[in-house]
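> Here is a sequence with its predicted model. Questions after.
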Amino acid sequence: MNRKKAISIIIKKIKKNIIISANGYNSRDLYATGDKDTNFYMIGSMGLASSIGLGIAIKNPKKRIFVFDGDGNILMNLGSMTTIGTIKPKNLVHVVFDNNSHESTGGQSTNSEIINLEKIAQSVNYKTFVAGNKKRLEFILNKIKSETGPIFLKVKISKTSKIGSRINIDPIIIKDRFQKSLIQ
């Protein structure tokens, strides 16, 4: 399963829920698959989607917040996981697409095949799940509907050969429409 397919499966299940998407191919694929006002695309700031997602979750406790991260992104900011695990937001679902690669910067290894991200998540108080295929991903998404967070979902994906197009929305417009969606 590639990232774009996994994102497609997830957004069909979560519908209008808020998504904070890490920079790079995660945001590109989310934009191409299901652009909506409740998506916040990180254009820069590698590793900070989870920190932003935590802030949004704290300020919006009645809304389900999804963070779409990459293995490279979360390894850049493991400290956010300890903060999330300490605060324990019940409405946060942290999805990490793991292809063992900094794919959008040239394919350098992230070493996530050695570093067990779900064990790290579990050790800092997340409920953890791992999906490696469509059937398992769909099963987990149905299961976590009734679970409280923080939830960590690692989705094993393959590297892709087709690169999604860049997001063609000005970052100020992304911010403005996202902020408006939070008060609706």
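Okay, I see it.
> what about the strands in the chain?
Assigned by DSSP state E, the chain shows strands spanning 18-21, 39-41, 65-70, 92-98, 101-102, 108-109, 127-131, 151-156.
> Same list (these) but as a markdown table, adding mean neighbour count, mean pLDDT and distance to Lys119.
In this view, the C-beta of every residue, glycine as well, is placed from N, C-alpha and C. Formatted as a markdown table, the strands of the chain follow (neighbours: other CB atoms under 10 Å; pLDDT from 0 to 100; distance: least, CB to CB, whole Å):
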| stretch | mean neighbour count | mean pLDDT | distance to Lys119 |
| --- | --- | --- | --- |
| strand 18-21 | 27 | 96 | 24 |
| strand 39-41 | 24 | 95 | 28 |
| strand 65-70 | 29 | 95 | 16 |
| strand 92-98 | 27 | 96 | 13 |
| strand 101-102 | 20 | 64 | 20 |
| strand 108-109 | 11 | 58 | 19 |
| strand 127-131 | 19 | 96 | 8 |
| strand 151-156 | 24 | 97 | 10 |
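> from what I can see Asp63 touches Ile18, true?
For residue 63 the amino acid is Lys, not Asp. Yes: using CB atoms under 8 Å, Lys63 is in contact with Ile18, at 5.8 Å.
> Any chance you could list residues touching both of these two?
Common contacts of Lys63 and Ile18 (CB atoms under 8 Å, 6 or more residues apart in numbering): Leu182.
> Pretty sure Val130 sits against Lys154.
Yes: here Val130 reaches Lys154: they are 4.8 Å apart, a contact under CB under 8 Å.
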